[in-house]
Structures are given as C-alpha cells and as structure tokens.
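Participant: below is the sequence, then the predicted model.
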Amino acid sequence: MKKVLFAAIVVLLVAAFGISAFMVVNYLVDGKKQEERNNELSEIVANAQTVTTETAETTEATETQETTVETTEATQPTEAGGMLAGYKEIYEMNNDVVGWIKMEGTKMDYPVMQTPSKPNYYLDRDFDKQKSKRGSIYAREECDINQPSDNITLYGHNMRDGSMFAVANDYVNKETWENNPLIFFDTLYEYHVYKIFAVFKTEASIDKGFKYHNMIDASSKEDFDNFVSTAKRLAFYDTGITPKYGDKIICLSTCEYTLTNGRLVVAAVRI
C-alpha cells in the first residue's frame, strides 16, 4: 500500500513539474516572440520617419521655403491625409492602433491600442490580436486620443522581465525621475512629449482607492484641480510640477503588489 501511495505521489510531482516547466517555457517563448514583433514595428516606424525626413530635407534644399515651414516638415513627416510617417503603415496592419509610447533608455517602446466597443480587449492580446499573457499597451475605451481627453489612462502589465509597464517600478525612486522624467506619447497624427508629475500607488477595489481612471474630461476647474492634488498627495515624492486646468494628462496604470488589488500609476502632463 505504501509503495502504491509513494508511486502515486511521485507521478503527481513529476506531472506538476512537467506542467510548471511547460508554462515557464511557453511564457519565455511568448515573450521572445512578442519582443521580436515589437522590435519589427518599432523599426518600421523609425525607418519610415527617417526616409520621409530625408526626403523633406532634400526638397527643402532645392526649393525656396520659409524657415518655419522647413522646420515643421522636417520634424513632423506626414503621409497623405496627415497621418505621421510610419504610423500609417502599422495602422494599415491593425487599425486598433491609436498611437505609440516610448521612454528613452527603457524597454518601453510600444504601439498603443484602443477598442472603444471592446473594453480590455488587448489585456491578453498582442498587436496581431493573438492571445498573449503580456497583452498590449492600450487606452481606456472612453478616452479620446486625438482631441484629446483631459486625462488618458493607459494600461499595461507589470512584467517581471522589465517589459510593458514594469518600468513604472523604477519611478518609485525620485532619482530615476530626476534622470529620465519624459514620456513620448504620439498619436497617429502628432508627436507629443509628457513630463512625469506624480508617481503613486492606490487600491482598485470598488469602494477603496483613488479612481484616477474615472477622470476623463474634467467637469470644472475644481474637478481637475482635485484630481491633480490627489495624485500629488499620494505621490512617493514631490516633483515640483503641478498641472493647470486645461493641461493634458496621461496616467500609465499597472499592477502593484504591496496593496490588495493594487495599482501603480505614473502620471505625466503634456509639455
């Protein structure tokens, strides 16, 4: 009887080990595949913008144009219809893409997705709409990216390998912010730069925590100021930056594990 029980336990342990090993391998393979795909998309954008900029500069060198026009065309290369070079190409691959987010010196360099009629669709899907534990960076469904809304909440997983929105963990320390406070968040039509003004954590339970994601368009100056003051009150440190009514904000939202159903948020204002 003991031998049978022992054999059963061994079989269960071997099975558990096999399942765990399979899950780890699958996780790593999925991560590698998605990293390579994101690198391809990033290269498409960069190459298209480089070619368009070089073409614009060549044209400017042979034609008489105003300096202001030259600068605009060189720094804002566009395709027909006003869509930025590079972004038009990836938009044609998947028209759920609404922009691109990047932070210099980090792994964050990703397309931003949005599906207004399908909330959280990209929580567990990659750019090509395939199932993925890493998901994609995506905007809250009610937010207007191009208008834009007063506050756009962007969601991304907190991955252990430092990808997606795991970079937010580094910004709990003020030194990281001091060295690298800028977020580049482009729409398909315009380049934009944001500066981090608050990094905070909060609970996401229904009856607890700061509902930062619910502030999309401020109903009044008081509404906007209350949002900003709450973010700064909860912040790990003071950045000395206080957005004013009329400014545009983004909130990078990811999971936080020291709180029950916690969220770590990096809030930045457009400059």
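Facilitator: Happy to help now that I have it.
Participant: what is the least confident helix or strand in the protein?
Facilitator: The helix or strand of the chain with the poorest confidence is helix 67-75; it has a mean of 41 (mean pLDDT, DSSP states H and E).
Participant: how about the helices of the stretch 51-200 of the chain, start to end?
Facilitator: With DSSP state H, counting those that start in this stretch as the criterion, the stretch 51-200 of the chain has helices at 67-75, 87-93, 174-179.
Participant: what sits up against the last one?
Facilitator: Outside helix 174-179, the residues that touch it by C-beta atoms under 8 Å, 6 or more residues apart in numbering are Asp170, Tyr171, Ile196, Val199, Phe236, Tyr237, Thr239. Just so you know, the C-beta spots here come from the backbone N, C-alpha and C atoms, and that holds for glycine as well.
Participant: wait, Asn151 sits on Asp223?
Facilitator: No - using C-beta atoms under 8 Å, Asn151 is not in contact with Asp223; the gap is 10.5 Å.
Participant: overlap in contacts, the two.
Facilitator: Shared contacts of Asn151 and Asp223, defined by C-beta under 8 Å, 6+ apart, are found at Met215.
Participant: who's more crowded, the two?
Facilitator: Neighbour totals were compared for Asn151 and Asp223, and Asn151 leads with 26 against 13 (other C-beta atoms under 10 Å).
Participant: for the more buried one, give me its contacts.
Facilitator: Taking C-beta under 8 Å, 6+ apart, we find Asn151 in contact with Cys143, Tyr212, Met215, Ile216, Asp217, Ala218, Phe227, Lys248, Ile249, Ile250, Cys251.
Participant: of the residues you listed, keep whichever come out buried.
Facilitator: Buried members of those, counted by 16 or more other C-beta atoms under 10 Å: Cys143, Tyr212, Met215, Ala218, Phe227, Lys248, Ile249, Ile250, Cys251.
Participant: which members of these occur in helices, if any?
Facilitator: The helices, defined by DSSP state H, take in Phe227 from the buried ones among the contacts of Asn151.
Participant: ok, Arg37 - contacts?
Facilitator: Contacts of Arg37 by C-beta under 8 Å, 6+ apart are Asp126, Phe127, Asp128.
Participant: tell me the phi and psi of it?
Facilitator: The phi and psi values for Arg37, taken as degrees, to the nearest 10, are phi -70, psi -40.
Participant: give me the pLDDT value at it.
Facilitator: Note for Arg37: predicted pLDDT of 88.
Participant: Glu190 versus Thr258, what's the distance?
Facilitator: With distances taken as C-beta to C-beta, to the nearest Å, Thr258 is found 37 Å from Glu190.
Participant: cool, and Ser220?
Facilitator: 27 Å.
Participant: same check on Lys131?
Facilitator: Applying C-beta to C-beta to Lys131 and Glu190 gives a distance of 32 Å.
Participant: which pLDDT value belongs to the closest residue to Gly105 other than its chain neighbours?
Facilitator: Nearest residue to Gly105, sequence neighbours excluded (C-beta to C-beta, 6 or more residues apart in numbering): Asn180, at 5.9 Å. Per-residue pLDDT puts Asn180 at 97.
Participant: thought Asn180 was touching Met103?
Facilitator: Yes - between Asn180 and Met103 a contact is recorded at 6.8 Å, counting by C-beta under 8 Å.
Participant: list the contacts for Asn261?
Facilitator: For Asn261, the contacting residues are Glu203, Ala204, Ser205, by C-beta under 8 Å, 6+ apart.
Participant: closest to Leu41 out of those residues?
Facilitator: Ala204 (29.6 Å; C-beta to C-beta).
Participant: low-scoring stretches of the stretch 51-200 of the chain, by residue?
Facilitator: 51-81 (pLDDT under 70).
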